[in-house]
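*Asks:* next one to model:
(one chain, ligands or ions: 1)
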Amino acid sequence: MTSIAAAPGGLLTGKRGLIMGVANDRSLAWGIAEAAAAHGARLALSYPNDAVGRRVAALAAQLDKATLLQCDVGSDADLDRLATELAVLWPDEPLDFVVHAVSWSDKNELSGPYLQTSRENFRTALDLSCYSLTAVARRVAPLMRSGGSILTLSYLGAERVVPNYNVMGVAKAALEASVRYLAVDLGNRNIRVNAISAGPIKTLASSGVSGMRHLIKWAGLNAPMKRNTTIEDVGRAALSLISDLGQGITGEIVHVDNGYNVVGMVAVDAARQSAPVLVELSEQLERQKEAAGSDS
Ligand SMILES: NC(=O)c1ccc[n+]([C@@H]2O[C@H](COP(=O)([O-])OP(=O)(O)OC[C@H]3O[C@@H](n4cnc5c(N)ncnc54)[C@H](O)[C@@H]3O)[C@@H](O)[C@H]2O)c1
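*Replies:* Residues are numbered from 1 along each chain as shown. This next block holds a predicted model:
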């Protein structure tokens with residue numbers, strides 16, 4: 001058991017981690033990478049393709065000696081190569097943590113009724129957004145020779161229906177179940193598996209969800225703490241889960257949403273500001289319905 005006192009330099013001094021899912025400086029993964037680097041971690045960042053890789057390279061230059069590794073989570077060959085490259089990168093030292101902040105859906109299906117979800121997009125969204133966690137965990141667990149922490153990112157749409165979140169909600173529900181199954185499979189190796197369920201934040205991925213602007217505004221008005229979640233909020237919570245501060249936590253879905261998930265009714269003191277958000281959203285849904293009607 002390690003000491004509760006932080007090593008000089010930070011909570012992750014002497015630890016090595018892989019962060020998957022930095023696309024730009026708005027990415028939740030970037031909030032986590034900055035927090036981890038500030039606390040002394042040595043990092044590898046993975047990216048799916050050259051276009052994203054170029055943006056990540058510019059960001060990685062801001063961190064102290066981050067290594068870049070290419071990996072499309074839809075490819076078993078890429079995942080195998082990623083594990084090999086990590087073993088080569090840190091041959092004599094174990095991997096301590098992995099952050100999985102990856103999701104994908106055809107954005108045409110993040111609009112309108114869930115009922116219209118196609119088989120093809122269901123398969124791909126569930127594969128890239130959910131199965132990829134299991135595929136990664138299987139390959140990194142042997143590298144976590146001193147135990148470790150695996151963290152993924154979820155959203156309230158896993159638990160409740162959020163307009164337009166559609167197949168991503170189903171993928172996140174399966175992802176959260178995967179967290180619990182993986183926590184049991186890996187617990188006896190002292191590897192913890194958790195998720196942060198973050199409040200809505202404007203990012204590349206979230207911009208694909210129709211009406212995200214309204215969801216963000218609504219959450220800020222109606223969360224108990226009366227503000228929106230930031231990538232810094234996510235980074236700080238992640239730090240506690242990937243460091244030894246979280247040593248007794250596994251299989252958990254930790255809400256980092258300024259408390260939004262606990263409320264059962266709109267915030268009465270924000271009702272006047274919330275009303276126009278609802279009206280705009282309902283008008284948008286009406287337009288979607290009309291467009292769907294004229295397509296059929
Ligand atoms: N933004 C939000 O409001 C919010 C809220 C809760 C949870 N999340 C989750 O946080 C995670 C990160 O998303 P984000 O909002 O930071 O957006 P983002 O667009 O910054 O990150 C999504 C990442 O997924 C990566 N990705 C997509 N397909 C991939 C593939 N085949 N292989 C490897 N990587 C791939 C992208 O390159 C990108 O880096 C996602 O799981 C998302 O669902 C986001």
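
*Asks:* switch to C-alpha atoms for all contacts and neighbour counts from now on
*Replies:* OK.

*Asks:* and Val262, how many neighbours does it have?
*Replies:* Residues near Val262, counting by other Cα atoms under 10 Å, number 11.

*Asks:* swap in Ala77?
*Replies:* By other Cα under 10 Å, 11 other residues sit near Ala77.

*Asks:* can you give me phi and psi for it?
*Replies:* Torsion angles at Ala77 (phi, psi; degrees, to the nearest 10) stand at phi -60, psi -40.

*Asks:* ok, now Ser154?
*Replies:* The phi and psi values for Ser154, taken as degrees, to the nearest 10, are phi -130, psi -170.

*Asks:* likewise for Arg42?
*Replies:* phi -90, psi 130.

*Asks:* got the contact list for it?
*Replies:* For Arg42, the contact set (Cα atoms under 8 Å, 6 or more residues apart in numbering) comprises Gly14, Lys15, Arg16, Gly17, Asp64, Lys65, Ala66.

*Asks:* go ahead and confirm the second one touches Leu95.
*Replies:* Yes - between Lys15 and Leu95 there is a contact at 7.4 Å, judged by Cα atoms under 8 Å.

*Asks:* and those two? which has more neighbours close in?
*Replies:* Leu95 (27 against 20).

*Asks:* is that one in a helix, a strand, or coil?
*Replies:* Judged by DSSP: H, G, I helix; E, B strand; the rest coil, the three-state class of Leu95 is coil.

*Asks:* list the contacts for it?
*Replies:* Applying Cα under 8 Å, 6+ apart, the residues near Leu95 are Lys15, Arg16, Gly17, Leu18, Val140, Leu143, Met144, Arg145, Ser146, Gly148.

*Asks:* of the residues you listed, buried ones?
*Replies:* Taking 16 or more other Cα atoms under 10 Å as the criterion, what is buried in those is Lys15, Arg16, Gly17, Leu18, Val140, Leu143, Met144, Gly148.

*Asks:* wait, a strand at the third one?
*Replies:* Think Gly17. Yes - under three-state DSSP, Gly17 sits within a strand.

*Asks:* so how far is Ser75 from the closest residue to it other than its chain neighbours?
*Replies:* Take Gly17 and drop its neighbours on the chain: the residue closest to it by Cα to Cα, 6 or more residues apart in numbering is Phe97, 4.6 Å away. Applying Cα to Cα, to the nearest Å, the value for Phe97 to Ser75 is 21 Å.

*Asks:* mind checking which of the two has more residues around it?
*Replies:* The residue with more neighbours, out of Phe97 and Ser75, is Phe97; 29 against 14, by other Cα under 10 Å.
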